[in-house]
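Novice: no letters, just coordinates:
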């Protein structure tokens, strides 16, 4: 084969001139920079094109084109916003419960009117009934209490809702004290509603009984007396047992309150050394004190309710005596008894008083138990923090 330039194309490669060789070498040297230059230009152009796809950050737009910063008091403070959401949820849930309690209390009060009218008609048809009259008075009193509870709760709920909307963040202005006050009114409305329903059921029972007026036969009198005695016996036993349990609950509450009191100085000591964490310990102490106060208050309610229950038992025992005599006489073959329908009504009224006081004590004991559980839970939390 042969390689040649224009000047020595006819000369074989073995004999081509030195000048031709130098020209060939120079041509190769010139081609290399040119290739590198073109590749660099293409690369630079590619970088420029890609760079133009998104604007660079600037003072006006520090995050670049398409980005947006939403400014606000909670920007960058997620750890503060999350508790606010939780608080708002609790506030909303409580408001819903309050609205439901108002509705139920109002409905209970409204349902009383029709039942009272019917009961009075029954009493008139049998020439009057002291039992129905007493039941009507009780249920009307309960209905008034339910209405008053609903009104108080409705008023407080309006104030509560006003605070919910005071800021852009729902419920932010609602304090724990606001929630505690509303919770108490919800509980009171619930108790009033329950009492109204119980009194209404009792009135209906009296109405049904009165509509089947008993005749004056001895057997019937004995049967009425026996019925009261039969239902009174377990009620009296339960009342005494519950009063005893209430006494034990009072003792437990006192012991728990002492435990809480012993913890407070330890919290103070931690707060004194906590520096920036001092507010956390102070808040923990406030929670313990608040829950301890709730236990003490509930204990006082139990003490009062227990005394009221114990006071109802002697009158019931007295009212049952003529009924016991009637049953004994009828079993002995008596054709006439001294007890009357009035005696039965007196005993039933005394029994109802025990039943009401017993239910009240049970409710107060339930409240005390819940308050104690809340305090125990908080004390366990404190113990973990004091001795991690």
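Specialist: Great, that's in hand. In this text the structure is predicted, and so the values were computed from the model without any measurement.
Novice: now residue 291: closest residue in space that isn't a chain neighbour?
Specialist: In this structure, residue 291 finds its nearest non-sequential neighbour in residue 375, 4.2 Å apart by Cβ to Cβ, 6 or more residues apart in numbering. (Glycine included, C-beta is placed from N, CA and C.)
Novice: flag the shaky bits of the stretch 151-300 of the chain, pLDDT-wise.
Specialist: 162-174, 211-218 (pLDDT under 70).
Novice: follow-up on the earlier one: which SSE is the residue nearest to residue 291 in?
Specialist: Element membership of residue 375 [criterion: DSSP states H and E] is helix 341-386.
Novice: again with residue 241
Specialist: Assessed by DSSP H and E, residue 241 sits inside helix 218-273.
Novice: re earlier: the helix holding residue 375 to helix 218-273, inter-axis angle?
Specialist: Using axes from the mean of the first three to the mean of the last three Cα atoms, to 10 degrees, the inter-axis angle of helix 341-386 relative to helix 218-273 is 20 degrees.
Novice: helices and strands around helix 341-386, which ones?
Specialist: Judged by 3 or more Cβ pairs under 8 Å, 6 or more residues apart in numbering; DSSP states H and E, helix 341-386 is in contact with helix 130-164, helix 176-211, helix 218-273, helix 278-331.
Novice: could these go into CSV alongside distance to residue 358 and mean neighbour count?
Specialist: Below are the helices and strands packed on helix 341-386 laid out as CSV (distance: least, Cβ to Cβ, whole Å; neighbours: other Cβ atoms under 10 Å):
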stretch, distance to residue 358, mean neighbour count
helix 130-164, 16, 19
helix 176-211, 12, 19
helix 218-273, 5, 15
helix 278-331, 6, 17
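Novice: and residue 114, which of those helices is closest to it?
Specialist: For the helices and strands packed on helix 341-386, proximity to residue 114 was assessed by Cβ to Cβ; helix 176-211 is nearest, at 10.0 Å.
Novice: residues making contact with stretch 376-387?
Specialist: Applying Cβ atoms under 8 Å, 6 or more residues apart in numbering, the external contacts of stretch 376-387 come out as 256, 259-260, 263, 266-267, 270, 284, 287-288, 291.
Novice: equivalent analysis for stretch 290-305, please.
Specialist: Residues outside stretch 290-305 that contact it (Cβ under 8 Å, 6+ apart): 246, 249-250, 253-254, 256-257, 260-261, 357, 360-361, 363-365, 367-368, 370-372, 374-375, 378.
Novice: what's the answer for stretch 226-234, then?
Specialist: Around stretch 226-234, the neighbours that count as contacts under Cβ under 8 Å, 6+ apart are 316, 320, 323-324, 327, 344, 347-348, 351, 354.
Novice: how about the contacts made by residue 267?
Specialist: 281, 284-285, 288, 382, 386.
Novice: go on, residue 119?
Specialist: Counting by Cβ under 8 Å, 6+ apart, residue 119 has contacts 132, 135-136, 203-204, 206-207, 210.
Novice: confidence score at it?
Specialist: pLDDT recorded at residue 119 is 83.
Novice: with residue 377 instead?
Specialist: 93.
Novice: thought residue 249 was touching residue 368?
Specialist: Yes. The pair residue 249 and residue 368 passes the contact test of Cβ atoms under 8 Å, sitting 5.7 Å apart.
Novice: which residue, other than its chain neighbours, is closest to residue 357?
Specialist: residue 309 (4.0 Å).
Novice: so residue 326 is in contact with residue 220, correct?
Specialist: No. Residue 326 is not in contact with residue 220 according to Cβ under 8 Å; the separation is 10.8 Å.
Novice: distance of residue 374 relative to residue 260?
Specialist: 11 Å (Cβ to Cβ, to the nearest Å).
Novice: go on, residue 110?
Specialist: 44 Å.
Novice: and for residue 309?
Specialist: Taken as Cβ to Cβ, the span from residue 309 to residue 260 is 28 Å.
Novice: also residue 113?
Specialist: Using Cβ to Cβ, residue 113 is found at 47 Å from residue 260.
Novice: kindly report the same for residue 368.
Specialist: 14 Å.
Novice: mind listing what's buried in stretch 356-366?
Specialist: Within stretch 356-366, the residues scored as buried using 16 or more other Cβ atoms under 10 Å are 356-365.
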